[in-house]
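Undergrad: Following is a predicted model, sequence given first.
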Amino acid sequence: MTMEEIKLNPIGVINTPYKDQKNIPIQGRFDDSVEGCCVLKNKYSGGLLHLEEFSHAILIYHFHKSEKEEIKVRPFLEPIEHGVFAIRSPHRPNKIGFSIVKIKKILENKLFFSQVDMFDGTPLLDIKPFVKHFDNRENVKSGWIDKHFRNGKIPDETIINKK
């Protein structure tokens with residue numbers, strides 16, 4: 001196996017109300033009230049055909065605001081460091097992020113969604129439909145995160161820098 005450079009070109013941009021980290025949930029499902037919009041380059045708009053038949057989509061994007069790479073990171077919910085591959089920090093080797101969003105509507109080259117957890121102006125790399133038959137799993141363990149969600153309780157730290 002050879003290791004070679006991979007070049008990715010954004011298919012569009014993600015527009016959100018979040019200009020900085022203030023009030024961004026650590027996962028979009030913790031705040032359904034905020035909406036965003038993916039604006040695709042016109043040549044990719046045909047790729048949205050029939051996506052409106054799905055309730056959710058997976059957005060794959062570049063963490064364009066991350067200026068560092070960390071191999072061990074202290075996540076928002078923990079006082080100790082974990083390996084970057086055991087958390088969803090933007091400060092990772094390839095700065096690739098993903099979010100599962102709730103589709104609101106699609107108009108021409110625009111995908112409107114809720115459950116936003118990314119910065120305004122985020123480069124969009126790909127969109128995939130969320131398919132419950134493929135993407136849901138049974139008997140899932142979520143490592144160190146499980147203890148923060150005991151009894152179905154959502155921890156207060158799910159909003160970054162909230163006031």
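TA: Done, it's in. Residues are numbered from 1 along each chain as shown.

Undergrad: how far does the biggest strand by length in the chain sit from the chain's center?
TA: Longest strand of the chain, by residue count under DSSP state E: strand 96-107. Once both centres are worked out by C-alpha atoms, centre = their mean, to the nearest Å, strand 96-107 turns out to sit 8 Å from its chain's centre.

Undergrad: For it, which strands pair with it and how are they oriented?
TA: strand 56-62 (antiparallel), strand 110-114 (antiparallel) (DSSP bridges).

Undergrad: Please render the ones you listed as CSV that adds mean neighbour count, mean pLDDT and distance to residue 38 to the earlier fields.
TA: Heads up, the C-betas are built off the backbone N, CA and C, glycines and all. Shown next, in CSV, are the strands paired with strand 96-107 (neighbours: other C-beta atoms under 10 Å; pLDDT from 0 to 100; distance: least, C-beta to C-beta, whole Å):
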stretch, mean neighbour count, mean pLDDT, distance to residue 38
strand 56-62, 19, 97, 7
strand 110-114, 19, 97, 4
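
Undergrad: got TSV for those strands, with distance to residue 147 too?
TA: Formatted as TSV, these follow (distance: least, C-beta to C-beta, whole Å):
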stretch	distance to residue 147
strand 56-62	26
strand 110-114	28
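
Undergrad: Can you list the neighbours in contact with the longest strand of the chain?
TA: 27-29, 32, 35-36, 48, 51-52, 54-63, 88, 90, 111-118, 122, 125, 130 (C-beta atoms under 8 Å, 6 or more residues apart in numbering).

Undergrad: Let me know the average pLDDT across that strand.
TA: Regarding strand 96-107, the rounded mean pLDDT is 96.

Undergrad: can you pull the buried residues of it?
TA: By neighbour count, with 16 or more other C-beta atoms under 10 Å as the criterion, the buried positions of strand 96-107 are 97, 99-103, 106.

Undergrad: Closest one to residue 147 out of those residues, please.
TA: Using C-beta to C-beta, residue 100 comes nearest to residue 147 of the buried residues of strand 96-107, at 22.4 Å.

Undergrad: helix, strand or coil for residue 52?
TA: Assigned by DSSP: H, G, I helix; E, B strand; the rest coil, the conformation of residue 52 is helix.
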